[in-house]
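Novice: The sequence and its predicted three-dimensional model are supplied below.
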Amino acid sequence: PVAAAVPERSTSTSSPATTSTVPPLTTVPPPPTTEAPVRVFPPPECPPADPPAADVDGDGCPDPVEVSDGVVAAAGARWQVGAPDDLVVIGDWDCDGLATPAVVRPSSGHVWTFPRWADDSDGDGVVAEPVGVVPAPVAKATVVEDAGSSGGGRCDGIEVIASGGDRRLVDAGA
């Protein structure tokens, strides 16, 4: 750091103006550390949302979600994410804080996740990524919050229940 001498003017009227210097700065405050957790101020105040709910718009608050016939409606938008007989669940598969859809095809047991919501502002759409195959036929799929992932994060998982009652946890963040 460079300290500059700053002239001061005398306020005395009996003698001509004189100048003096301010002593240089001898201590510098320490720089901020990056070890402290980042906090958002003010913290978001989320309105209550009845289940099913998930943060689909990234504002930190859960949004009410409706799923019917492969169509998801949430946060004022609608997306066709699967066929009418597909099972669709919404969760944070990649631990980024944003919930996205996953599709389970009951007839084949295939499971896919979407990396983001399609807004088609760029016209390229969104392609679902395969994350597993479970024994078919599948009767139900649910979200398991903070199920862990192969990457060590706290991602959601998908519990798939076969028609015979067999349960499988799909690591959707794989």
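Specialist: Received, thanks. Computed from a predicted structure; not experimentally measured.

Novice: This protein: strands as residue ranges?
Specialist: 7-9, 19-21, 53-54, 63-68, 71-74, 77-80, 87-91, 100-104, 110-113, 129-133, 138-144, 157-162, 167-170 (DSSP state E).

Novice: and of those, who's closest to residue 122?
Specialist: Checking those against residue 122 by Cβ to Cβ gives strand 77-80 as the closest, at 15.9 Å. Every residue, glycine included, has its C-beta placed from N, CA and C.

Novice: which parts of the closest one are buried?
Specialist: residue 79 (16 or more other Cβ atoms under 10 Å).

Novice: Same question for stretch 52-67.
Specialist: Neighbour-count burial for stretch 52-67, with 16+ other Cβ under 10 Å as criterion, is recorded at 52, 53, 54, 55, 56, 62, 63, 64, 65, 67.

Novice: Generate a markdown table for those residues, with distance to residue 129 and pLDDT as supplementary columns.
Specialist: What follows is those, written out as a markdown table (distance: Cβ to Cβ, whole Å; pLDDT from 0 to 100):
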| residue | distance to residue 129 | pLDDT |
| --- | --- | --- |
| 52 | 22 | 87 |
| 53 | 24 | 91 |
| 54 | 18 | 91 |
| 55 | 20 | 91 |
| 56 | 18 | 92 |
| 62 | 24 | 90 |
| 63 | 23 | 92 |
| 64 | 26 | 94 |
| 65 | 20 | 95 |
| 67 | 19 | 96 |
